[in-house]
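> Fold the following, please.
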Amino acid sequence: MRSVVLDTETTGLNAGLGDRIIELGCIEVLSRRVTGNHFHRYINPERESEEGALKVHGIDHEFLQDKPKFREISAEFLDYIQGAELVIHNAAFDVEFLNLELGRLGLPPIEAHCAGIVDSLKIARELHPGKKNSLDALCERYQVAHAHRTLHGALLDAALLAEVYLAMTRGQESLAIELGQPRPALGRAAATEGERPPLIVLRPSAEELAEHASLLADMEAENKTQCVWRRFETAVEMLDRV
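Modelled structure (predicted):
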């Protein structure tokens, strides 16, 4: 299953009152692995951002003046998500904005271009009722590094959500794989003696490592700061030298 984790930034909260999308960020997940194939565009909304929204994302109108309009990137965007399952946090918000943008172009709604839409906020509320389930709260809960998230950004938030979503749904894929495939039973004696099935370790290929490095470089360029992942890697290298 190909999934696309998607996030948007907008000029405000009210799509029905004329607010527009200013940034689209998408992260591809294939067979539950982030591939490094991402889609990211800033968009000229042809209007100013609301003051409250500007405080959230920090993307001002001057920066967006020379960026393409939604109609100029729509075909490329739809081609990228075609047939994929979309994962969106608080999906109703982003879907409303996307469908209004598509409607202005006379195009079918987003649901017609993808295999389905998964709302990660609904999943989080089912797993953690009565608790905060914002992206920041989920990053804390699932130990996904997010200290570099000082402002919202569509690509950064999509990347964080991809990690959170995979953590929230961990185990579901193994259940699907094992259905109908009998496993050798371990008796009580074997279990108490410490016998366990062999641990399977999946190591990334050189190509996957290069794609990961490229994604980190893009995120650093977007946010003009070093990713937490880089600092972690540096710390590990220093420990290895001790």
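> What is the burial count for I88?
Neighbourhood size, I88 [other C-beta atoms under 10 Å]: 24. For every residue, glycine as well, the C-beta is placed using N, CA and C.
> got the contact list for it?
5-7, 94-95, 117-120 (C-beta atoms under 8 Å, 6 or more residues apart in numbering).
> per-residue confidence at it?
I88 carries a pLDDT score of 98 in this model.
> who does it bridge with?
Note on I88: beta-bridge partners by DSSP bridges are D119.
> how does this protein divide into domains?
2-169, 205-241 (the TED database).
> if we can go back for a sec, which one of the contacts of I88 sits closest to R32?
V5 (11.7 Å; C-beta to C-beta).
> residue nearest the centroid of this structure?
For the chain, the residue nearest the mean C-alpha position is A158 (2.7 Å; C-alpha atoms, centre = their mean).
> Can you mark which positions in the host helix or strand of that one are buried?
With elements taken from DSSP states H and E, the one containing A158 is helix 154-168. Of the residues in helix 154-168, 154-166, 168 count as buried by neighbour count, 16 or more other C-beta atoms under 10 Å.
> tell me what that helix is packed against?
strand 2-10, strand 21-30, strand 33-42, strand 85-88, helix 120-127, helix 135-141, helix 206-223 (3 or more C-beta pairs under 8 Å, 6 or more residues apart in numbering; DSSP states H and E).
> Send me the shortest one as PDB with only the CA atoms.
Coordinates of each C-alpha in strand 85-88 appear next as PDB, following Å, rounded to 0.1, in the frame of the first residue of the first chain:
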ATOM      1  CA  GLU A  85      -4.000   6.500   0.700                       C
ATOM      2  CA  LEU A  86      -3.800  10.000   2.200                       C
ATOM      3  CA  VAL A  87      -2.900  10.400   5.900                       C
ATOM      4  CA  ILE A  88      -3.900  13.800   7.300                       C
END
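> which element follows that strand toward the C-terminus?
helix 91-104.
> Same check on the third one?
Heading C-terminal from strand 33-42, the first helix or strand you meet, by DSSP H and E, is helix 51-57.
> what about the helix or strand following that next one, distance to the chain center?
Next helix or strand after helix 51-57 toward the C-terminus (DSSP H and E): helix 61-64. Offset of helix 61-64 from its chain centre (C-alpha atoms, centre = their mean, to the nearest Å): 24 Å.
> got it, and stretch 136-145?
13 Å.
> List the buried residues in that stretch.
Quick answer for stretch 136-145 (16+ other C-beta under 10 Å): 138-139, 141, 144.
> Between the domains of the chain, which has the poorest mean confidence score?
domain 205-241 (a mean of 64).
> How much space separates the residue lying closest to L24 once chain neighbours are set aside from E76?
Spatial nearest neighbour of L24, excluding adjacent residues (C-beta to C-beta, 6 or more residues apart in numbering): R41 at 5.1 Å. According to C-beta to C-beta, to the nearest Å, R41 stands 8 Å off from E76.
> Many thanks, we can stop here.
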